[in-house]
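Asks: Fold the following and give me the result.
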Amino acid sequence: MDITFINLTPHSITVRDVGGEAVVFPASGVIARVGTYWTEVAAIGNHKSYEVSYTGIEGLPLNVGDDEMFIVSAMVMEAAKAANHPLLCRLVAPATGHAGVERNDKGLIQCVPGFVRA
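Replies: Got it, this is the predicted structure:
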């Protein structure tokens, strides 16, 4: 069965396939995020400081096809793991920490060697 990858990040993701070709997954226009609640706490020197609480995952689909996988950020995938989210087995994140990451001359990631699964 062919797998359809739907990119739920705000930018295109480029991944090398098993044959070595760079495959671009454009942003779908839907963004999965971890909700946050911010509380201001005591300043650090002359700078504001905050505590953050995570409130759940936003933007994951309700209806999923049998052939669909969703590209999300590592933070979304970790939140899904912690919550034992029912779509966890359908989530992947770009392998941005892998030694095989390709970077441009400014150090920005151009292509990842694959996906991270939960």
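Asks: tell me, what residue is most central in the protein?
Replies: residue 73 (1.2 Å; Cα atoms, centre = their mean).
Asks: just for this structure, where's the confidence low?
Replies: Low-confidence segments of the chain (pLDDT under 70): 1.
Asks: where along it do the helices fall?
Replies: In the chain, the helices defined using DSSP state H lie at 74-82.
Asks: mind listing the strands for the chain?
Replies: For the chain, strands defined by DSSP state E occupy the ranges 4-7, 13-16, 22-25, 33-44, 47-58, 68-71, 91-94, 102-103, 109-111, 115-117.
Asks: Run through the residues that contact the residue nearest to the centre of the chain.
Replies: Going by Cβ atoms under 8 Å, 6 or more residues apart in numbering, residue 73 touches 9, 32-33, 93. Backbone N, C-alpha and C define where each C-beta goes, glycine included.
Asks: Of the residues you listed, which is the nearest to residue 20?
Replies: Nearest to residue 20 among the contacts of residue 73, counting by Cβ to Cβ, is residue 93 at 21.0 Å.
Asks: re the thing from before, most tightly packed of the strands of the chain?
Replies: Among the strands of the chain, ranked by average contacts under mean count of other Cβ atoms under 10 Å, first place goes to strand 91-94 (a mean of 22).
Asks: Give the partner strands of it in its sheet and their orientations.
Replies: Paired strands of strand 91-94, with direction, are strand 68-71 (parallel), strand 115-117 (antiparallel) (DSSP bridges).
Asks: Export those strands as TSV, with columns for distance to residue 55.
Replies: Formatted as TSV, the strands paired with strand 91-94 follow (distance: least, Cβ to Cβ, whole Å):
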stretch	distance to residue 55
strand 68-71	20
strand 115-117	23
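Asks: dump the residue contacts of residue 69.
Replies: Counted by Cβ under 8 Å, 6+ apart, residue 69 has contacts 3-6, 90-92.
Asks: can you do 10 Å?
Replies: Contact analysis of residue 69 by Cβ atoms under 10 Å, 6 or more residues apart in numbering lists 3-6, 87, 89-92, 115, 117.
Asks: ok, which pair from those is furthest apart?
Replies: Across the contacts of residue 69, the two members that end up farthest from each other (Cβ to Cβ) are 4 and 117, 16.4 Å apart.
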